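Asks: Sharing a model that was predicted from the sequence below.
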Amino acid sequence: MPQAILKQQSLRERLEILADAAKYDASCASSGTAKKNSIGGKGVGSTEGMGICHAYAPDGRCISLLKVLLTNHCIFDCHYCINRKSSNTPRARFTPQEVADLTINFYKRNYIEGLFLSSGIIKSSNHTMEQLMETARILREEYDFRGYIHLKTIPEADPELIEQAGMYADRVSINVELPTRAGLTRLAPDKDEAEIEGALAKTSARIIQAKDERKRFRHAPRFAPAGQSTQMIVGADDANDTAIVSRAAGLYGNFGLRRVYYSAFSPIPDASAVLPLKRPPLMREHRLYQSDWLMRFYGFGANDVADATEDDGNLPLDIDPKLAWALKFRGEFPVDVNRASKEQLLRVPGLGTTAVGRILKARRYRRLRLEDVGRLTQSIAKVRPFLVAADWRPTQLTDRADLRSMLAPKLEQLELF
Amino acid sequence: MTALQHVSLGAHYVVHLPRPDDFAFWRERARQLIQCDVPPDRVSWVEPGGTGDLFAFEGPSRGEKRLPVPEVDAPQVRASKRFMRLARNVCVHSEPERFSLLYRTLWRLQSQPGFMQDSADTDVRRIEELDKEVRRDAHKMHAFVRFREVTSEEGDHYVAWFEPDHHIVRAQAGFFMRRFANMRWSILTPRGCIHWDGKTMREGPPARREDAPTGDPVEALWKSYYASIFNPARLKVGAMLSEMPKKYWKNMPEAELIPQLIAGAQAREAGMVAAGAREVREVPSSLEAIAEGISACSDCPIAECGTRAVMGEGAPGAPLMIVGEQPGDSEDLAGKPFVGPAGQLLDVYLGKAGIDRSEAYVTNAVKHFKFVARGKRRIHQTPQAKEIDTCRFWLEAERKVVAPRVVLALGASAARAMLGRTVSLAKERGAPVPLEDGSELWITAHPSYLLRLDGEARAAQEELFARDLAAVRGRLLEVTS
C-alpha cells in the first residue's frame, strides 16, 4: 500500500523529505581519513586529509557530505526525533541504487566530498543495516568511488554487518542521543544505553585492531580510517553542562571517539508533546563545543570545565569557558609570556594554539613586548589582563572585580523569536 | 663576500618575471642576485601586466641593466625549509610587493639563519599572512568550483568557471586531477585555464564567464538538497558569511536561494512551533499554578470538550500518587477526580487494601473529559496517544510538586502518560518500574475495566486488582517507615 504512494513521489520530492529528515544530525566532517585518489581507478574521488566544506547553509553549518536518510520510516518512537513512529511527517524511501547515483552525480559536479548515510529502522535492525551496506557497496565496488563515506551504524545490528560497514566507510557513528540514562529511557524508550555503549566499545576495539594489523602488514584492510563519532542532544532533557561534558570526556576516554557532536534541541515539525521545553539558546551549544575544544587541544580536563560552570552546573553564556575558568582562578595569572610553559600559556583567555606556538618560537629570538604579542594573536585587549610581557605588567587589572564585564562581549546575541 | 667588479655601485636592477606565479624563475634570479651581493633596495621585480615601480618604468626601453653574473666560487645561498614552503605560496599571491618581500627575507636569512621562526618579525608575519591568504583561496577553490556537464560527441565534459583572488590555478591543477582522474574536465578562470582529458593536463589562456556553460539539469536536485538540509530553526547568517563570503555566490548555483531561505526561516520556525500546537511555557511550581494552567490550556482538541479541566486532589508531599485516565461525566460536573462509578469502586478496593485515599494524591493522565454527545448522554472516548503525551506536561508538573514515593497508574493510558511509551498491562503489572527520580511506578487495570466485566472474568480481574493494590500498600509501608 505505501509502495503505491511512493511511486508517485519524484526523486526530487523524496530528496527533499529525506534530506530534511537528516538535518538534525550535526556531524558533517570529511576530514582525518586515509589519503586516497582516483588515479589508476575507474571512478572518481579523493581524500587528502583536510575536510572540505563545499557550501554553507544560512544556519551556519557546513555542507560537506550528501547527508540523507535511506528512509524516514521508523519503527522506533523517540520523542525528540522528527522521524519517530508516532510523528505525522511525510515519509519517503530511496533505493540503495538511487542514493549511489545521486552521490556520484553530485560528486562529479564538485558539490560534495561524499556521502553521510543514515536511516530510520525498518523491518529490523539487520535489514536496515543491510540496506545501508548495499549503498556503500555499490559506491565502492561498482562505481569505484574513492571519496568519503560516513555510515551511521545501528547498535542492535549483527557484528558481521558492522564489520562490513567499517570496510566500506571512512567513518562510522552511533548516536548516544542523550547525556543521561534517565533522559534516554524517558525520551527514547526503544533505545538502550548499554547496547549503544556496547556497540561503541566493539567498534572502537575493531578500529584499534585494524590499525595494529596495518602496522604489521602493509596491505591489511582499513577499518573506518576516520574513526567513529557520536552525537548528543542538548536541552531536550534537564542534564546540565557539567553532566554533558563529563559524559563527553568519558566517551572520548572509553571509546577513543574522534568527535562528540552536540546538537541543540530544535523545534521539529509535529513535535512530541513530551518536549514542551524551551529551545536552548544556540549559544549553549557553542559553549559546549568550546569546552570540547579545551579538552581536546588545550589540556583541560572535564573537572576544569566543571570548575568553570556557574552554580547551576551550566557554563556562562555571555563569556567563553576559558575566560570563565580564568576569572575563577585568578591566582594562576598573570603569566609571563617570556617564561611561562606551554600549558600555562594555553590557559590564557584569548591565546589559541596557533598563537601559543608562535609565542614559543618567537621568544627564542627576542624578549616579547606587548606589541609583539599583539602581532602574534588576534586581540591584545582580551589577553592583556592575564599576561606579563617585557614592557607590560597588568598590576591591578587581573584582580579587578569588574574584569568580567570589561571582557564580556558588549553585544549580547539576541534570541530569535 | 668579495666585491664584484661588474656589480656597478648604486646600480638598480629590474627583473621581469615571465609569469605572475613563476616561483622557479624568481628563485633562479634571487639566488643569482644574492650571490652577487645585491641588496634588496636595489632590485625591482615586475610581473607581466604589472605596473612595476619607478625604476622599472624606465627599464627595458632605456637599455636595462643586465643582471650581474656571480663568481664561480660565490658562496651558496641558503634558506630554511619553512621559508621554501611559504615562499612557494607567497609567490602566487596577487600582492605586487610579494617578490620584493621574499627577496628581502632571503637576503636577511643569509646573515640571520633562524629568524623565519620569529613570527613577531614584521616581514615574517607578513609572509605568514600572505601564505595564509593563498591557502585559503586554494581551499575555497577546492570547495566552490562547480562543474556543469556538457554532452558532446567526444563524451561528457565537465566545465567550471571560477574566479580566484590569487594566481593559484596552475598550482591547484593537481588536486582536481587526483580527484577527477577519469573524467574529462576544464576549469576556466580569468587568470588562465586548465584542461584535463583523462590523460594529460593542458593550460590555456584566460577565459571569460561567457565561455562556460550556463546550466546543468542536476543543479535543480542540488538546490533542493541545499534548501532542505538548511535548518530554519537555527539561523546563523554571520557564520555562513565568514566561510562563504558573498563574492563567491555568483558562481554557485545554490547561493541564489539564500535570500529567500533567510526570509522564510523565522516564519517556518514559528509555523513548526504552532503546528506542535503547544505554547512554550515555564513548568509551574505549585498546585495552584497548575490548576490555573490546565484551565487555560488549549494544547489539544480535548480542551474544547467538557465543561472544565479537572485538577488532581491531594496535598504536596503525599507518598502515593494515583493516576487515572481522564475525568468522566460525573468528574467533569463535580470538578473532582474519581467521584463517579469507577471512583466509587476504587474507593472500595483502596479501603480493602488499607490505603487511605485522603493521604494520596489522586489525578488523571488527561485533564479534560473527552466524549461524543449521543442525545442527552456524553459517551466517553479514549484519549489518543498524542493527547496523552500533550497532557503529560501537566502530570509531570504535578509529580514534581507532590514528589510521591510510589505512583499507581490505573490503566494503559495512565501508564503511557508515566512512561511515554505504549505499555502492555498484562506484562508489566505486578512489579515496580523504577522512575528516573528514584520513585517507583506500579501499573494496574483501570477500575472502569472491572465495571465492564462480569461473571468469572470479573472475579479474576478483581483478584488481580486487589493483589496489585495490596502490593502497593506493602511498598508504601516500606518506603515511608
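Replies: Right, received. Where do you want to start? Note that the coordinates shown come from a computational prediction; the quantities given were computed from them, not determined experimentally.

Asks: Nearest residue to B:Trp107 in space, please, no chain neighbours.
Replies: The shortest distance from B:Trp107 to any non-neighbouring residue, by C-beta to C-beta, 6 or more residues apart in numbering or on different chains, is to B:Pro40 (5.1 Å). Heads up, the C-betas are built off the backbone N, CA and C, glycines and all.

Asks: quick one: that neighbour and B:Tyr103 touch, right?
Replies: Yes: if you go by C-beta atoms under 8 Å, B:Pro40 and B:Tyr103 touch, sitting 5.4 Å apart.

Asks: who's more crowded, those two?
Replies: Shown here are B:Pro40 and B:Tyr103; by other C-beta atoms under 10 Å in any protein chain shown, B:Tyr103 has more neighbours (23 against 16).

Asks: The more buried one falls within a helix, correct?
Replies: Yes: B:Tyr103: assigned to a helix according to DSSP: H, G, I helix; E, B strand; the rest coil.

Asks: Surely it is in contact with B:Leu33?
Replies: Yes: applying C-beta under 8 Å as the test, B:Tyr103 and B:Leu33 come out as touching, 7.3 Å apart.

Asks: Verify the contact between B:Leu333 and B:Thr307 for me.
Replies: Yes: the pair B:Leu333 / B:Thr307 is scored as a contact, 7.2 Å apart, by C-beta under 8 Å.

Asks: and residue 181, how many neighbours does it have?
Replies: The chain I'm using is chain A. A:Arg181 has 12 nearby residues by other C-beta under 10 Å.

Asks: Oops, wrong one, chain B.
Replies: 21.

Asks: Also B:Ala334?
Replies: Neighbour count for B:Ala334, taken as other C-beta under 10 Å: 15.

Asks: low-scoring stretches of the chain, by residue?
Replies: As the question left the chain open, I've gone with chain A. Counting by pLDDT under 70, chain A contains low-confidence ranges at A:1-8, A:266-279, A:410-417.

Asks: meant chain B actually
Replies: Applying pLDDT under 70 to chain B flags the ranges B:1-10, B:50-65, B:271-280, B:306.

Asks: quick one on the thing from earlier: settle it for me: which of B:Leu333 and B:Thr307 has more neighbours?
Replies: B:Leu333 (17 against 11).

Asks: Just the element for the more buried one, please.
Replies: Assigned by DSSP states H and E, B:Leu333 belongs to helix B:329-334.

Asks: Mind checking what helix or strand follows that helix in sequence?
Replies: helix B:341-353.

Asks: Which strands or helices does that following helix pack on?
Replies: helix B:329-334, helix B:447-452, helix B:455-480 (3 or more C-beta pairs under 8 Å, 6 or more residues apart in numbering or on different chains; DSSP states H and E).

Asks: Nearest to chain A, out of these?
Replies: Set against chain A and scored by C-beta to the nearest C-beta, the helices and strands packed on helix B:341-353 come closest in helix B:455-480, at 19.4 Å.

Asks: So which bits of that closest one are buried?
Replies: B:461-462, B:464-465, B:468-469, B:471-473, B:475-476 (16 or more other C-beta atoms under 10 Å in any protein chain shown).

Asks: For that helix, enumerate the helices and strands it packs against.
Replies: helix B:341-353, strand B:406-410, strand B:440-444, helix B:447-452.

Asks: which non-adjacent residue is nearest B:Trp185?
Replies: That would be B:Tyr158: by C-beta to C-beta, 6+ apart, it lies 4.2 Å from B:Trp185.

Asks: Can you pull the phi and psi angles for A:Val172?
Replies: phi -120, psi 150 (degrees, to the nearest 10).

Asks: A:Leu161 is in contact with that one, correct?
Replies: No: look at A:Val172 against A:Leu161 with C-beta under 8 Å: they stay out of range, at 11.1 Å.

Asks: which residues are common contacts for those two?
Replies: Any residue near both A:Val172 and A:Leu161 by C-beta atoms under 8 Å, 6 or more residues apart in numbering or on different chains counts here, and that gives A:Thr153.

Asks: Can you give me the distance of A:Tyr107 to chain B?
Replies: For A:Tyr107, the distance to chain B (C-beta to the nearest C-beta, to the nearest Å) stands at 9 Å.

Asks: Go ahead and confirm that residue touches A:Gly114.
Replies: Yes: the criterion here is C-beta under 8 Å, and A:Tyr107 meets it with A:Gly114 at 7.1 Å.

Asks: intersection of neighbour lists for these two?
Replies: A:45, A:145, A:147.

Asks: Weed out the non-buried ones from those.
Replies: For the shared contacts of A:Tyr107 and A:Gly114, buried by 16+ other C-beta under 10 Å: A:45, A:145, A:147.

Asks: Identify the residues contacting the residue in chain A that chain B sits nearest to.
Replies: Chain A approaches chain B most closely through A:Gly60 (2.9 Å), counting by C-beta to the nearest C-beta. Going by C-beta under 8 Å, 6+ apart, A:Gly60 touches B:234, B:236-240.

Asks: filter the residues you listed to the buried ones?
Replies: Buried among those by 16+ other C-beta under 10 Å: B:234, B:236, B:239-240.
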